[in-house]
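Asks: how would this look folded up:
(one chain, ligands or ions: 1)
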Amino acid sequence: MRRDIVHEGAKNLRYEIREIVTVAHQVRDLGQEITWENIGDPVQKGEAITPWIRDILHGLIDTPISFAYCDTAGVRETREFLAQHVNERPSGVQITADDIIFFNGIGDAVARVYGGLKREARVLGPSPAYSTHSSAEAAHSGYNHVTYQLDPGNGWLPDVDDIRKRVRYNDSIAGILLLSPDNPTGAVYPRELLEEIAQIAREFGLFIIADEIYAHIVYEGYPKLHMSQWIGDVPALTMRGISKEVPWPGARCGWLEVLNRNVDENFATYVNSLVAAKRLEVCSTTLPQMAIPRIYSDPRYAGHLERRASMFARRAQEAYEAFEGCDAVISNKPGGAFYYTIMFQDGVLNSHQSLPIDDPRIRARIEQLVEGVTPDKRFVYYLMGATGIVIVPLTGFQCDHEGFRFTLLETDDAKRAWVFRTLREAIDQYVGS
Ligand SMILES: Cc1ncc(COP(=O)(O)O)c(C=O)c1O
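Replies: Purely as a prediction, here's the structure:
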(Lines give C-alpha, C1' and ligand atoms only; values in the text may rest on other atoms or scores of the structure.)
Protein backbone atom coordinates (compact mmCIF):
# COMPACT_ATOMS: atom_id res chain seq x y z
CA MET A 1 0.00 0.00 0.00
CA ARG A 2 1.23 3.51 -0.76
CA ARG A 3 0.06 4.46 2.74
CA ASP A 4 -0.03 2.21 5.80
CA ILE A 5 -3.77 1.54 6.09
CA VAL A 6 -3.69 -0.44 9.33
CA HIS A 7 -5.05 1.37 12.38
CA GLU A 8 -2.64 1.72 15.34
CA GLY A 9 -5.05 -0.22 17.51
CA ALA A 10 -5.52 -3.19 15.14
CA LYS A 11 -3.14 -5.43 17.10
CA ASN A 12 -5.32 -4.96 20.18
CA LEU A 13 -8.42 -6.52 18.63
CA ARG A 14 -8.22 -9.87 20.44
CA TYR A 15 -11.12 -12.06 21.60
CA GLU A 16 -9.76 -15.25 23.10
CA ILE A 17 -13.28 -16.58 23.83
CA ARG A 18 -13.86 -17.01 20.11
CA GLU A 19 -10.27 -17.35 18.91
CA ILE A 20 -10.03 -20.69 20.69
CA VAL A 21 -12.88 -21.93 18.47
CA THR A 22 -10.58 -22.07 15.43
CA VAL A 23 -8.21 -24.34 17.32
CA ALA A 24 -11.09 -26.47 18.62
CA HIS A 25 -12.35 -26.97 15.06
CA GLN A 26 -8.94 -28.35 14.06
CA VAL A 27 -9.01 -30.76 17.00
CA ARG A 28 -12.60 -31.74 16.17
CA ASP A 29 -11.60 -32.43 12.56
CA LEU A 30 -9.05 -34.90 13.92
CA GLY A 31 -11.89 -36.82 15.60
CA GLN A 32 -12.18 -35.38 19.12
CA GLU A 33 -15.74 -34.77 20.28
CA ILE A 34 -15.92 -31.17 21.53
CA THR A 35 -17.75 -29.81 24.58
CA TRP A 36 -18.06 -26.03 24.26
CA GLU A 37 -17.47 -24.30 27.57
CA ASN A 38 -16.06 -21.10 26.15
CA ILE A 39 -18.98 -18.91 25.07
CA GLY A 40 -21.71 -17.40 27.24
CA ASP A 41 -24.65 -18.28 25.01
CA PRO A 42 -27.36 -20.05 27.04
CA VAL A 43 -29.42 -20.84 23.94
CA GLN A 44 -26.55 -22.55 22.14
CA LYS A 45 -26.01 -24.61 25.30
CA GLY A 46 -29.58 -25.89 25.07
CA GLU A 47 -31.66 -23.58 27.30
CA ALA A 48 -35.27 -23.77 26.10
CA ILE A 49 -36.93 -20.51 25.10
CA THR A 50 -39.74 -19.79 27.56
CA PRO A 51 -43.07 -20.44 25.77
CA TRP A 52 -44.78 -17.19 26.84
CA ILE A 53 -41.78 -15.18 25.57
CA ARG A 54 -42.03 -16.99 22.24
CA ASP A 55 -45.75 -16.11 22.14
CA ILE A 56 -44.88 -12.42 22.54
CA LEU A 57 -42.49 -12.66 19.61
CA HIS A 58 -45.10 -14.46 17.49
CA GLY A 59 -47.44 -11.53 18.17
CA LEU A 60 -44.78 -9.05 17.06
CA ILE A 61 -44.22 -10.91 13.80
CA ASP A 62 -47.87 -10.13 13.04
CA THR A 63 -47.29 -6.43 13.85
CA PRO A 64 -46.05 -4.82 10.60
CA ILE A 65 -44.31 -1.87 12.30
CA SER A 66 -41.88 -4.31 13.97
CA PHE A 67 -40.35 -4.77 10.50
CA ALA A 68 -39.70 -1.02 10.12
CA TYR A 69 -36.77 1.22 11.04
CA CYS A 70 -37.23 2.93 14.40
CA ASP A 71 -35.97 6.23 15.83
CA THR A 72 -32.18 6.54 15.89
CA ALA A 73 -32.04 6.23 19.70
CA GLY A 74 -34.60 3.42 19.66
CA VAL A 75 -38.35 2.74 19.85
CA ARG A 76 -39.86 5.68 21.74
CA GLU A 77 -42.37 3.68 23.83
CA THR A 78 -39.64 1.24 24.89
CA ARG A 79 -37.33 4.05 25.94
CA GLU A 80 -40.16 5.66 27.93
CA PHE A 81 -40.90 2.31 29.55
CA LEU A 82 -37.25 1.72 30.49
CA ALA A 83 -36.79 5.28 31.80
CA GLN A 84 -39.81 4.75 34.04
CA HIS A 85 -38.25 1.49 35.27
CA VAL A 86 -35.07 3.37 36.22
CA ASN A 87 -37.07 6.13 37.91
CA GLU A 88 -39.07 3.66 40.02
CA ARG A 89 -35.96 2.24 41.71
CA PRO A 90 -35.67 3.28 45.35
CA SER A 91 -33.39 6.31 45.90
CA GLY A 92 -32.01 6.35 42.37
CA VAL A 93 -31.06 8.89 39.73
CA GLN A 94 -33.98 10.04 37.54
CA ILE A 95 -33.75 9.96 33.74
CA THR A 96 -35.97 10.52 30.69
CA ALA A 97 -36.53 8.54 27.51
CA ASP A 98 -33.89 10.73 25.85
CA ASP A 99 -31.28 9.26 28.19
CA ILE A 100 -31.80 5.80 26.71
CA ILE A 101 -29.92 4.94 23.51
CA PHE A 102 -30.34 1.58 21.78
CA PHE A 103 -27.54 -0.34 20.03
CA ASN A 104 -27.23 -3.68 18.26
CA GLY A 105 -26.19 -5.39 21.48
CA ILE A 106 -23.77 -4.17 24.11
CA GLY A 107 -21.01 -5.34 21.79
CA ASP A 108 -22.04 -2.55 19.42
CA ALA A 109 -22.44 -0.04 22.27
CA VAL A 110 -18.94 -0.86 23.51
CA ALA A 111 -17.43 -0.16 20.09
CA ARG A 112 -19.28 3.17 19.90
CA VAL A 113 -18.60 4.28 23.45
CA TYR A 114 -14.80 3.78 23.28
CA GLY A 115 -14.60 4.69 19.60
CA GLY A 116 -16.38 7.98 20.32
CA LEU A 117 -13.89 9.08 22.97
CA LYS A 118 -11.02 11.43 22.24
CA ARG A 119 -8.01 9.20 21.63
CA GLU A 120 -6.05 10.52 24.61
CA ALA A 121 -8.96 9.91 27.01
CA ARG A 122 -8.52 6.51 28.62
CA VAL A 123 -10.95 4.27 30.51
CA LEU A 124 -9.50 2.27 33.40
CA GLY A 125 -10.95 -1.25 33.42
CA PRO A 126 -10.66 -4.39 35.54
CA SER A 127 -8.11 -7.18 35.16
CA PRO A 128 -9.13 -9.89 34.44
CA ALA A 129 -11.17 -8.12 31.78
CA TYR A 130 -14.03 -9.05 29.48
CA SER A 131 -12.22 -8.80 26.14
CA THR A 132 -14.87 -6.80 24.27
CA HIS A 133 -14.25 -3.85 26.61
CA SER A 134 -10.49 -4.20 27.01
CA SER A 135 -9.85 -4.68 23.29
CA ALA A 136 -12.12 -1.82 22.23
CA GLU A 137 -10.55 0.55 24.76
CA ALA A 138 -7.05 -0.48 23.72
CA ALA A 139 -7.88 -0.24 20.02
CA HIS A 140 -9.34 3.27 20.44
CA SER A 141 -6.20 4.53 22.18
CA GLY A 142 -3.58 2.57 20.22
CA TYR A 143 -1.99 1.45 23.52
CA ASN A 144 -2.51 -1.49 25.86
CA HIS A 145 -5.68 -1.30 27.95
CA VAL A 146 -5.12 0.42 31.32
CA THR A 147 -6.29 -1.82 34.16
CA TYR A 148 -6.89 -2.10 37.89
CA GLN A 149 -6.65 -5.38 39.77
CA LEU A 150 -9.50 -7.62 40.82
CA ASP A 151 -8.23 -9.46 43.89
CA PRO A 152 -8.43 -13.28 43.74
CA GLY A 153 -7.63 -13.35 47.47
CA ASN A 154 -10.75 -11.27 48.16
CA GLY A 155 -13.42 -12.97 46.03
CA TRP A 156 -12.24 -11.12 42.88
CA LEU A 157 -13.46 -7.77 44.24
CA PRO A 158 -11.76 -4.64 42.87
CA ASP A 159 -8.72 -3.36 44.74
CA VAL A 160 -9.98 0.18 45.40
CA ASP A 161 -6.54 1.43 46.51
CA ASP A 162 -5.17 0.28 43.16
CA ILE A 163 -7.93 2.19 41.34
CA ARG A 164 -7.21 5.35 43.32
CA LYS A 165 -3.46 5.09 42.73
CA ARG A 166 -3.83 4.56 39.00
CA VAL A 167 -6.28 7.43 38.64
CA ARG A 168 -4.09 9.77 40.70
CA TYR A 169 -0.89 9.08 38.75
CA ASN A 170 -2.31 8.86 35.24
CA ASP A 171 -4.15 12.01 34.21
CA SER A 172 -5.17 10.55 30.85
CA ILE A 173 -7.74 8.44 32.71
CA ALA A 174 -11.14 9.98 32.04
CA GLY A 175 -13.38 7.11 33.09
CA ILE A 176 -13.62 3.91 35.12
CA LEU A 177 -15.28 0.73 33.87
CA LEU A 178 -16.77 -1.89 36.17
CA LEU A 179 -18.87 -5.00 35.65
CA SER A 180 -21.15 -6.30 38.38
CA PRO A 181 -21.88 -9.18 38.20
CA ASP A 182 -18.51 -9.54 36.53
CA ASN A 183 -17.40 -11.58 33.56
CA PRO A 184 -15.21 -13.69 33.86
CA THR A 185 -15.24 -13.93 37.68
CA GLY A 186 -18.97 -13.77 38.56
CA ALA A 187 -18.16 -11.41 41.45
CA VAL A 188 -21.00 -9.15 42.64
CA TYR A 189 -19.85 -5.90 44.22
CA PRO A 190 -21.21 -4.65 47.55
CA ARG A 191 -22.74 -1.17 47.74
CA GLU A 192 -19.94 0.33 49.90
CA LEU A 193 -17.32 -0.64 47.34
CA LEU A 194 -19.37 0.78 44.45
CA GLU A 195 -19.84 4.02 46.36
CA GLU A 196 -16.09 4.23 46.98
CA ILE A 197 -15.45 3.92 43.25
CA ALA A 198 -18.08 6.60 42.58
CA GLN A 199 -16.30 8.81 45.13
CA ILE A 200 -12.98 8.43 43.29
CA ALA A 201 -14.73 9.45 40.04
CA ARG A 202 -16.31 12.45 41.80
CA GLU A 203 -13.00 13.56 43.29
CA PHE A 204 -11.03 13.34 40.04
CA GLY A 205 -13.75 14.50 37.59
CA LEU A 206 -14.22 11.13 35.83
CA PHE A 207 -17.24 9.33 34.41
CA ILE A 208 -18.17 5.71 35.10
CA ILE A 209 -19.27 2.91 32.79
CA ALA A 210 -21.09 -0.02 34.42
CA ASP A 211 -21.76 -3.08 32.27
CA GLU A 212 -24.95 -4.47 33.83
CA ILE A 213 -25.76 -7.17 31.31
CA TYR A 214 -25.87 -9.70 34.19
CA ALA A 215 -27.69 -7.39 36.65
CA HIS A 216 -30.75 -9.65 36.65
CA ILE A 217 -28.72 -12.81 37.26
CA VAL A 218 -27.70 -12.23 40.89
CA TYR A 219 -27.81 -15.15 43.32
CA GLU A 220 -29.71 -15.14 46.62
CA GLY A 221 -27.75 -13.34 49.34
CA TYR A 222 -25.90 -10.94 47.00
CA PRO A 223 -26.87 -7.27 46.48
CA LYS A 224 -29.26 -6.63 43.59
CA LEU A 225 -28.26 -3.11 42.63
CA HIS A 226 -28.34 -0.92 39.56
CA MET A 227 -25.84 1.89 39.07
CA SER A 228 -28.61 4.51 39.29
CA GLN A 229 -28.91 3.52 42.98
CA TRP A 230 -25.28 4.12 43.99
CA ILE A 231 -23.80 6.60 41.50
CA GLY A 232 -25.07 9.80 43.18
CA ASP A 233 -24.22 12.83 41.03
CA VAL A 234 -21.39 11.33 38.91
CA PRO A 235 -21.88 11.31 35.10
CA ALA A 236 -22.22 7.70 34.00
CA LEU A 237 -23.26 5.20 31.36
CA THR A 238 -25.04 1.96 32.24
CA MET A 239 -24.94 -0.81 29.64
CA ARG A 240 -27.97 -3.10 29.64
CA GLY A 241 -29.23 -5.82 27.34
CA ILE A 242 -31.43 -8.87 26.85
CA SER A 243 -28.82 -11.35 25.59
CA LYS A 244 -28.27 -13.08 28.92
CA GLU A 245 -31.47 -12.64 30.90
CA VAL A 246 -34.26 -13.34 28.39
CA PRO A 247 -31.98 -14.99 27.06
CA TRP A 248 -31.84 -13.74 23.47
CA PRO A 249 -28.24 -13.11 22.37
CA GLY A 250 -29.12 -13.35 18.70
CA ALA A 251 -31.48 -10.36 19.00
CA ARG A 252 -28.40 -8.11 19.04
CA CYS A 253 -30.20 -5.65 21.26
CA GLY A 254 -28.74 -3.62 24.11
CA TRP A 255 -28.93 -0.06 25.38
CA LEU A 256 -27.17 2.71 27.28
CA GLU A 257 -28.78 4.50 30.19
CA VAL A 258 -27.15 7.92 30.54
CA LEU A 259 -27.06 9.06 34.16
CA ASN A 260 -26.40 12.65 35.30
CA ARG A 261 -25.95 13.75 31.72
CA ASN A 262 -26.16 17.46 32.45
CA VAL A 263 -23.88 17.55 35.47
CA ASP A 264 -20.94 18.03 33.11
CA GLU A 265 -21.07 19.87 29.79
CA ASN A 266 -18.20 17.92 28.25
CA PHE A 267 -19.90 14.62 29.14
CA ALA A 268 -23.20 15.87 27.64
CA THR A 269 -21.43 16.82 24.40
CA TYR A 270 -19.79 13.39 24.26
CA VAL A 271 -23.18 11.66 24.73
CA ASN A 272 -24.67 13.80 21.94
CA SER A 273 -21.83 12.66 19.69
CA LEU A 274 -22.80 9.02 20.34
CA VAL A 275 -26.34 9.71 19.14
CA ALA A 276 -25.02 11.63 16.13
CA ALA A 277 -22.81 8.66 15.19
CA LYS A 278 -25.75 6.27 15.61
CA ARG A 279 -27.82 8.48 13.28
CA LEU A 280 -25.35 7.71 10.49
CA GLU A 281 -26.34 4.04 10.70
CA VAL A 282 -30.06 4.92 11.03
CA CYS A 283 -31.08 2.79 14.05
CA SER A 284 -30.75 -0.58 15.81
CA THR A 285 -32.93 -3.69 15.45
CA THR A 286 -36.60 -2.76 15.98
CA LEU A 287 -38.43 -5.99 16.83
CA PRO A 288 -36.42 -6.95 19.94
CA GLN A 289 -36.86 -3.40 21.25
CA MET A 290 -40.63 -3.69 20.83
CA ALA A 291 -40.52 -6.99 22.74
CA ILE A 292 -38.86 -5.49 25.84
CA PRO A 293 -41.87 -3.73 27.48
CA ARG A 294 -44.06 -6.74 26.68
CA ILE A 295 -41.60 -9.17 28.30
CA TYR A 296 -40.58 -6.98 31.27
CA SER A 297 -44.15 -6.06 32.22
CA ASP A 298 -45.41 -9.65 32.05
CA PRO A 299 -46.24 -10.86 35.58
CA ARG A 300 -44.25 -14.05 34.85
CA TYR A 301 -40.96 -12.24 34.20
CA ALA A 302 -39.89 -11.75 37.83
CA GLY A 303 -40.38 -15.48 38.49
CA HIS A 304 -38.49 -16.32 35.28
CA LEU A 305 -35.48 -14.28 36.45
CA GLU A 306 -35.60 -15.73 39.97
CA ARG A 307 -35.73 -19.28 38.67
CA ARG A 308 -32.75 -18.75 36.41
CA ALA A 309 -30.70 -17.04 39.13
CA SER A 310 -31.30 -19.95 41.53
CA MET A 311 -30.51 -22.46 38.79
CA PHE A 312 -27.10 -20.84 38.17
CA ALA A 313 -26.49 -20.51 41.92
CA ARG A 314 -27.04 -24.28 42.29
CA ARG A 315 -24.66 -25.00 39.42
CA ALA A 316 -22.05 -22.64 40.91
CA GLN A 317 -22.29 -24.64 44.15
CA GLU A 318 -21.77 -27.89 42.17
CA ALA A 319 -18.67 -26.45 40.54
CA TYR A 320 -17.40 -25.13 43.86
CA GLU A 321 -17.72 -28.61 45.38
CA ALA A 322 -15.85 -30.15 42.44
CA PHE A 323 -12.76 -28.02 43.22
CA GLU A 324 -12.92 -28.31 47.02
CA GLY A 325 -9.63 -29.37 48.56
CA CYS A 326 -7.63 -28.65 45.38
CA ASP A 327 -4.50 -26.89 46.70
CA ALA A 328 -3.22 -26.04 43.22
CA VAL A 329 -5.95 -23.44 42.60
CA ILE A 330 -7.94 -20.56 44.02
CA SER A 331 -11.63 -21.20 43.48
CA ASN A 332 -13.97 -18.29 44.26
CA LYS A 333 -17.67 -19.11 44.11
CA PRO A 334 -19.47 -16.50 41.95
CA GLY A 335 -22.42 -14.42 43.21
CA GLY A 336 -23.99 -13.86 39.82
CA ALA A 337 -23.83 -14.37 36.01
CA PHE A 338 -23.01 -17.87 34.71
CA TYR A 339 -19.24 -18.22 34.65
CA TYR A 340 -16.70 -19.74 36.98
CA THR A 341 -13.05 -18.72 37.11
CA ILE A 342 -10.35 -20.99 38.50
CA MET A 343 -6.94 -19.47 39.14
CA PHE A 344 -3.79 -21.55 39.44
CA GLN A 345 -1.64 -20.73 42.46
CA ASP A 346 1.60 -18.97 41.50
CA GLY A 347 4.34 -21.35 40.41
CA VAL A 348 2.06 -24.37 39.96
CA LEU A 349 2.25 -24.44 36.15
CA ASN A 350 5.35 -24.98 34.04
CA SER A 351 6.12 -25.63 30.39
CA HIS A 352 6.66 -29.39 30.74
CA GLN A 353 3.30 -30.53 32.11
CA SER A 354 0.88 -32.42 29.91
CA LEU A 355 -2.16 -34.67 29.84
CA PRO A 356 -2.18 -38.08 28.13
CA ILE A 357 -3.81 -37.97 24.67
CA ASP A 358 -4.47 -41.40 23.15
CA ASP A 359 -4.88 -40.38 19.51
CA PRO A 360 -1.36 -39.77 18.10
CA ARG A 361 -2.57 -37.23 15.51
CA ILE A 362 -4.36 -35.13 18.13
CA ARG A 363 -1.38 -35.42 20.47
CA ALA A 364 0.97 -34.23 17.72
CA ARG A 365 -1.28 -31.27 16.90
CA ILE A 366 -1.53 -30.23 20.56
CA GLU A 367 2.24 -30.54 20.99
CA GLN A 368 2.64 -28.15 18.05
CA LEU A 369 0.04 -25.74 19.39
CA VAL A 370 1.54 -25.39 22.87
CA GLU A 371 4.90 -24.14 21.53
CA GLY A 372 5.52 -20.73 23.09
CA VAL A 373 2.05 -20.21 24.61
CA THR A 374 1.32 -19.03 28.17
CA PRO A 375 1.29 -21.83 30.79
CA ASP A 376 -2.49 -21.65 31.29
CA LYS A 377 -3.12 -21.79 27.55
CA ARG A 378 -0.91 -24.89 27.50
CA PHE A 379 -3.23 -26.47 30.09
CA VAL A 380 -6.29 -25.40 28.06
CA TYR A 381 -4.90 -26.95 24.86
CA TYR A 382 -3.95 -30.24 26.57
CA LEU A 383 -7.39 -30.36 28.18
CA MET A 384 -8.99 -29.87 24.75
CA GLY A 385 -6.87 -32.62 23.18
CA ALA A 386 -7.41 -35.06 26.02
CA THR A 387 -11.08 -34.47 26.87
CA GLY A 388 -12.61 -32.25 24.17
CA ILE A 389 -13.61 -29.62 26.75
CA VAL A 390 -13.03 -26.09 25.43
CA ILE A 391 -12.42 -23.41 28.07
CA VAL A 392 -10.75 -19.99 27.98
CA PRO A 393 -7.33 -19.31 29.54
CA LEU A 394 -7.38 -16.55 32.16
CA THR A 395 -4.41 -14.80 30.53
CA GLY A 396 -6.74 -14.27 27.55
CA PHE A 397 -8.71 -11.86 29.77
CA GLN A 398 -5.95 -9.21 29.94
CA CYS A 399 -4.66 -10.77 33.12
CA ASP A 400 -1.29 -11.80 34.57
CA HIS A 401 -2.78 -14.56 36.70
CA GLU A 402 -2.93 -18.04 35.21
CA GLY A 403 -6.18 -19.96 35.23
CA PHE A 404 -9.26 -20.52 33.13
CA ARG A 405 -12.95 -19.70 32.80
CA PHE A 406 -15.72 -22.17 32.12
CA THR A 407 -19.48 -21.67 32.02
CA LEU A 408 -22.38 -22.89 34.16
CA LEU A 409 -24.59 -23.22 31.09
CA GLU A 410 -24.62 -26.97 30.40
CA THR A 411 -28.28 -27.97 30.66
CA ASP A 412 -27.74 -31.74 30.82
CA ASP A 413 -27.16 -32.51 34.52
CA ALA A 414 -25.08 -35.63 33.89
CA LYS A 415 -22.92 -33.91 31.28
CA ARG A 416 -22.39 -30.89 33.55
CA ALA A 417 -21.31 -33.18 36.39
CA TRP A 418 -18.90 -34.88 33.98
CA VAL A 419 -17.45 -31.50 32.88
CA PHE A 420 -16.85 -30.30 36.47
CA ARG A 421 -15.42 -33.66 37.56
CA THR A 422 -13.20 -33.90 34.48
CA LEU A 423 -11.84 -30.38 34.98
CA ARG A 424 -10.90 -31.23 38.56
CA GLU A 425 -9.29 -34.54 37.61
CA ALA A 426 -7.41 -32.89 34.74
CA ILE A 427 -5.91 -30.30 37.11
CA ASP A 428 -4.80 -32.99 39.56
CA GLN A 429 -3.27 -35.04 36.77
CA TYR A 430 -1.68 -32.07 34.95
CA VAL A 431 0.03 -30.45 37.94
CA GLY A 432 1.36 -33.84 39.04
CA SER A 433 2.61 -34.79 35.55
C1 LIG B 1 -19.98 -8.46 30.32
C2 LIG B 1 -20.59 -8.61 28.97
N3 LIG B 1 -21.03 -7.53 28.32
C4 LIG B 1 -21.57 -7.63 27.09
C5 LIG B 1 -21.69 -8.84 26.45
C6 LIG B 1 -22.28 -8.89 25.08
O7 LIG B 1 -23.56 -8.40 25.10
P8 LIG B 1 -24.45 -8.29 23.79
O9 LIG B 1 -24.91 -9.65 23.43
O10 LIG B 1 -25.57 -7.37 24.20
O11 LIG B 1 -23.58 -7.69 22.74
C12 LIG B 1 -21.25 -10.00 27.08
C13 LIG B 1 -21.33 -11.30 26.41
O14 LIG B 1 -20.77 -12.30 26.81
C15 LIG B 1 -20.69 -9.88 28.38
O16 LIG B 1 -20.24 -10.96 29.03
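Asks: look at the residue in the chain that the ligand sits nearest to and report its pLDDT.
Replies: Here the chain gets closest to the ligand at one residue, residue 105, 2.9 Å apart by Cβ to the nearest ligand atom. Quick note: C-beta positions are derived from backbone N, CA and C, even for glycine. Note for residue 105: predicted pLDDT of 97.
Asks: name all residues that make contact with it.
Replies: By Cβ atoms under 8 Å, 6 or more residues apart in numbering, the contact list for residue 105 reads 241, 243, 249, 251-254.
Asks: make it 7 Å
Replies: Residues near residue 105 by Cβ atoms under 7 Å, 6 or more residues apart in numbering: 241, 243, 252-254.
Asks: if I look at it, how far off is residue 36?
Replies: Distance of residue 105 to residue 36, given as Cβ to Cβ, to the nearest Å: 20 Å.
Asks: likewise residue 94?
Replies: Using Cβ to Cβ, we find residue 94 at a distance of 43 Å from residue 36.
Asks: any idea which residue sits dead centre in the chain?
Replies: Closest to where the C-alpha atoms of the chain average out (Cα atoms, centre = their mean) is residue 183, at 4.3 Å.
Asks: quick check, that residue in contact with residue 339.
Replies: Yes - applying Cβ atoms under 7 Å, one finds residue 183 in contact with residue 339, separated by 5.8 Å.
Asks: overlap in contacts of the two?
Replies: Taking Cβ under 7 Å, 6+ apart as the criterion, residue 183 and residue 339 both touch residue 40.
Asks: list the contacts of the residue nearest to residue 163 when sequence neighbours are not counted.
Replies: Once flanking residues are discounted, residue 163 sits nearest to residue 148: 4.6 Å by Cβ to Cβ, 6 or more residues apart in numbering. Residue 148 makes contact with 124, 126-127, 158-159, 162-163, 166 under the criterion Cβ under 7 Å, 6+ apart.
Asks: quickly find the element holding residue 148.
Replies: According to DSSP states H and E, residue 148 maps onto strand 147-151.
Asks: same deal with residue 371?
Replies: Counting by DSSP H and E, no helix or strand carries residue 371.
Asks: can you tell me how far it is from residue 351?
Replies: Separation of residue 371 from residue 351 (Cβ to Cβ): 10 Å.
Asks: looking at those two, which has the bigger crowd around it?
Replies: The neighbour comparison of residue 371 against residue 351 (other Cβ atoms under 10 Å) goes to residue 351, with 11 against 8.
Asks: list the contacts of the more buried one.
Replies: So residue 351 contacts 375, 378 (Cβ under 7 Å, 6+ apart).
Asks: could you report the neighbour count for residue 55?
Replies: 12.
Asks: any idea how far residue 274 is from the nearest residue to residue 242 once chain neighbours are set aside?
Replies: With Cβ to Cβ, 6+ apart as the criterion, residue 242 has its nearest non-adjacent residue at 5.1 Å, and that residue is residue 248. Distance, residue 248 to residue 274, using Cβ to Cβ: 24 Å.
Asks: whether the top helix by length along the chain contacts the ligand - can you check?
Replies: Longest helix in the chain, counting residues (DSSP state H): helix 301-323. No - judged by Cβ under 6 Å from any ligand atom, helix 301-323 stays clear of the ligand, getting no closer than 13.7 Å.
Asks: helices or strands up against that helix?
Replies: strand 329-331, strand 339-344, helix 413-431 (3 or more Cβ pairs under 7 Å, 6 or more residues apart in numbering; DSSP states H and E).
Asks: which residues touch the first one?
Replies: Applying Cβ under 7 Å, 6+ apart, the external contacts of strand 329-331 come out as 152, 320, 323, 342-345, 427.
Asks: now distance to residue 139 too, for those residues, in CSV please.
Replies: Shown next, in CSV, are these (distance: Cβ to Cβ, whole Å):
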residue, distance to residue 139
152, 27
320, 36
323, 35
342, 29
343, 27
344, 29
345, 33
427, 34
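Asks: just the buried ones from those, in PyMOL syntax?
Replies: This is how PyMOL selects the buried members of the contacts of strand 329-331, with burial counted by 16 or more other Cβ atoms under 10 Å:
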select buried, resi 152+323+342+343+344+345+427
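Asks: list just the nearest of the contacts of strand 329-331 to residue 401.
Replies: Within the contacts of strand 329-331, proximity to residue 401 (Cβ to Cβ) peaks at residue 343, which comes in at 5.1 Å.
Asks: ok, that closest one to residue 169 distance?
Replies: 27 Å.
Asks: repeat that for residue 392.
Replies: Noted for residue 392: a distance of 31 Å to residue 169, by Cβ to Cβ.
Asks: between the two, who's got more neighbours?
Replies: The neighbour count for residue 392 versus residue 169, taken as other Cβ under 10 Å, is higher for residue 392 (28 against 8).
Asks: hmm, back to that, which among the contacts of residue 105 count as buried?
Replies: Judged by 16+ other Cβ under 10 Å, buried ones among these: 241, 243, 252-254.
Asks: most widely separated two among those residues?
Replies: The most widely separated members of the buried ones among the contacts of residue 105 are 241 and 252, with 9.2 Å between them, by Cβ to Cβ.
Asks: wait, isn't residue 116 in contact with residue 273?
Replies: Yes - applying Cβ under 7 Å, one finds residue 116 in contact with residue 273, separated by 5.5 Å.
Asks: those two - which one has more neighbours?
Replies: Between residue 116 and residue 273, counted using other Cβ under 10 Å, the more crowded position is residue 116 (16 against 13).
Asks: tell me, how many residues neighbour the nearest residue to residue 428 once chain neighbours are set aside?
Replies: Distances taken as Cβ to Cβ, 6+ apart put residue 326 closest to residue 428, at 7.1 Å, once the chain neighbours are dropped. Using other Cβ under 10 Å, residue 326 is surrounded by 16 other residues.
Asks: list phi and psi for residue 326.
Replies: Recorded main-chain torsions at residue 326 are phi -90, psi 100, according to degrees, to the nearest 10.
Asks: having no further points to raise, I will conclude here.
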